[in-house]
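>>> Task: produce atomic coordinates for the following.
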Amino acid sequence: MVVSYKIKLLPIVHIDLQNAKKWYHAKNPLLAEEFKAEVNKEIDYIGKYPEHYQRKHNELRQSLITRFPYAIFYLVDEEQKLIIIFGVLHTHRNPEIVIKRNK
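The predicted structure is shown next:
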């Protein structure tokens, strides 16, 4: 049986997502919706299989979004069955941005 974890996004993650979606929307509104769908699909997957991705930056794990050059950075709290998402960044950006959010 798969236990789904509760997912919490830091407030700044909403800004990360808004900026990315706005950029894709300027290119093609349909692409912005596809980006949103892929992000949601990946977050759902992380909620079901949080240990699937290895730790990359101390305790932070990194998941790549299908079809888009973005990564989700998250922490797993086993005791509370909670996933905390610290950032959704373009893969060319420095992960230190998200690592600093974890301090």
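>>> got any ranges where this protein has weak pLDDT?
Judged against pLDDT under 70, the low-scoring parts of the chain cover residues 1-2, 103.
>>> quick one: buried residues of the one helix or strand N19 maps to?
Following DSSP states H and E, one finds N19 within helix 11-27. Within helix 11-27, the residues scored as buried using 16 or more other Cβ atoms under 10 Å are V13, D16, L17, A20, K21, Y24. Any C-beta I mention is one placed from the backbone N, CA and C, and that applies to glycine too.
>>> Tabulate the CA atom coordinates of it in CSV.
Below are the C-alpha coordinates for helix 11-27, written out as CSV (Å, rounded to 0.1, in the frame of the first residue of the first chain):
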residue,chain,number,x,y,z
PRO,A,11,5.4,30.7,0.0
ILE,A,12,8.4,31.5,-2.3
VAL,A,13,7.7,28.4,-4.3
HIS,A,14,4.4,30.0,-5.5
ILE,A,15,6.5,32.9,-6.8
ASP,A,16,8.9,30.4,-8.5
LEU,A,17,5.9,28.8,-10.2
GLN,A,18,4.2,32.0,-11.2
ASN,A,19,7.4,33.3,-12.8
ALA,A,20,7.9,30.1,-14.8
LYS,A,21,4.3,29.9,-15.9
LYS,A,22,4.3,33.6,-16.9
TRP,A,23,7.4,33.0,-19.0
TYR,A,24,5.8,30.0,-20.8
HIS,A,25,2.5,31.8,-21.2
ALA,A,26,4.3,34.6,-23.1
LYS,A,27,5.6,32.0,-25.5
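>>> Having no further points to raise, I will conclude here.
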